[in-house]
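Visitor: sequence unknown, structure follows:
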Ligand SMILES: O=P(O)(O)O[C@H]1O[C@H](CO)[C@@H](O)[C@H]1O
Ligand SMILES: Nc1nc2[nH]cnc2c(=O)[nH]1
């Protein structure tokens, strides 16, 4: 008998015991039928049995940015593999831990590793941990990501405050909220025009100026990946008002807006994009990780101080 070693995707509970598709049903509808309010509550109860404290701040770490979790004190680390019905991160630069503890005076929960649609997960699966963190009690979400600089004025190593996004999977009919809507999570038709909290944007700008860090502020384009963009695609993103491009974040922030999180988004520009046909350069993930790790300290300092300012002035 041949011994088949299962990949992390194959061994996720959805594939093992999730509901099978009804004819014509959207993959996100199947995911959302599986992750019912009661099932998310069960996951939350499982975590609360291990972690007695209630986190106020939720953090999602982007590629190569998981080092932030090392700053957390009084740590409790729960590997994703131990959490019922939790996916695993399969990408280099993403660990697979939910880290709890204290960061600059506030209780936090930190996803050290996120999930991307190109790993084979639906956008609803990628984003569902946002609901878990909200139900654990967090009111503020900090998302970080590595991104390519679409804006020609940006340099590698710049940090961009995300003021808005272009959610391309959503525009193509792949929104993580597709399927049955349980009003206990949020409304059927959620507004997302203020998904990135305006007060948090100002707070972060003040913090950055104290550290003499020049922040960019722009529009993040979320694409499906895993290919980096063609030259024509980058030119299209520029025409549409995009400043940075990546393969994450937008589905997470959509669910965050749905369940009432106040969100701060930070994109680290890890590479230039291809603007014209004379360019010989191509982005590579190793460079993305290298730049993320190189700039991680600066980003971490900003996030650390941001949490301190939320503590002092919660509104
Ligand atoms: O968005 P994060 O997870 O930071 O990672 C970005 O970097 C990877 C590509 O190098 C993609 O996963 C892209 O989304
Ligand atoms: N899609 C996309 N994702 C990235 N993540 C980091 N850099 C890039 C990029 O240039 N394009």
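Guide: Right, received. Where do you want to start? These figures come from a predicted structure and were not determined experimentally. Numbering: from 1, shown residues only. Ligands and ions are numbered 1, 2, ... in the order given.

Visitor: show me the contacts for residue 175.
Guide: Residue 175 makes contact with 28, 123, 167, 169, 251, 254, according to Cβ atoms under 8 Å, 6 or more residues apart in numbering. C-beta here means a position set from N, CA and C on the backbone, and glycine is covered the same way.

Visitor: Selecting buried members of the residues you listed in PyMOL, what would you type?
Guide: The PyMOL command for the buried members of those (criterion: 16 or more other Cβ atoms under 10 Å) is given here:
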select buried, resi 28+123+167+169+251+254
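
Visitor: any idea of the mean pLDDT in stretch 176-186?
Guide: Mean per-residue pLDDT for stretch 176-186: 97.

Visitor: list the buried ones in it?
Guide: For stretch 176-186, by 16+ other Cβ under 10 Å, it's 176, 177, 178, 179, 185, 186.

Visitor: For the second one, give its distance to residue 273.
Guide: If I follow you right, that is residue 177. Distance, residue 177 to residue 273, by Cβ to Cβ, to the nearest Å: 29 Å.

Visitor: do the first one as well
Guide: Shown here: residue 176 relative to residue 273, a distance of 26 Å by Cβ to Cβ.

Visitor: How about the residues of the stretch 51-200 of the chain by ligand 1?
Guide: Taking Cβ under 6 Å from any ligand atom as the criterion, the neighbours of ligand 1 within the stretch 51-200 of the chain are 62, 63, 91, 114, 116, 145, 146.

Visitor: okay, who's weakest in those by pLDDT?
Guide: Least confident entry in these, by pLDDT: residue 91, with 87.

Visitor: Got the phi and psi for that residue?
Guide: Here is the backbone geometry of residue 91 (degrees, to the nearest 10): phi -100, psi 140.

Visitor: shouldn't it be in contact with residue 119?
Guide: Yes. With contact defined as Cβ atoms under 8 Å, residue 91 reaches residue 119; the gap is 6.6 Å.

Visitor: what sits in contact with each of the two?
Guide: Common neighbours of residue 91 and residue 119 (Cβ under 8 Å, 6+ apart) do not exist.

Visitor: show me what contacts the nearest residue to residue 35 once chain neighbours are set aside?
Guide: Once flanking residues are discounted, residue 35 sits nearest to residue 128: 5.0 Å by Cβ to Cβ, 6 or more residues apart in numbering. Residues near residue 128 by Cβ under 8 Å, 6+ apart: 31, 35, 40, 176, 255.

Visitor: Export the contacts of residue 175 to TSV and append columns for secondary structure and pLDDT.
Guide: Formatted as TSV, those follow (DSSP: H, G, I helix; E, B strand; the rest coil; pLDDT from 0 to 100):
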residue	secondary structure	pLDDT
28	helix	97
123	helix	98
167	strand	98
169	helix	97
251	helix	98
254	helix	98
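
Visitor: How about the chain: which residue is closest to ligand 1?
Guide: residue 62 (2.8 Å; Cβ to the nearest ligand atom).

Visitor: The closest residue to that residue other than its chain neighbours in helix, strand or coil?
Guide: Distances taken as Cβ to Cβ, 6+ apart put residue 145 closest to residue 62, at 3.7 Å, once the chain neighbours are dropped. When classified by DSSP: H, G, I helix; E, B strand; the rest coil, residue 145 comes out as strand.

Visitor: Residue 188 versus the nearest residue to residue 215 once chain neighbours are set aside, what's the distance?
Guide: In space, and not counting its chain neighbours, residue 215 is closest to residue 208: 4.5 Å by Cβ to Cβ, 6+ apart. According to Cβ to Cβ, residue 208 and residue 188 sit 37 Å apart.

Visitor: Those two: which is more packed in?
Guide: For residue 208 and residue 188, the more surrounded residue by other Cβ atoms under 10 Å is residue 208, and the numbers stand at 19 against 10.
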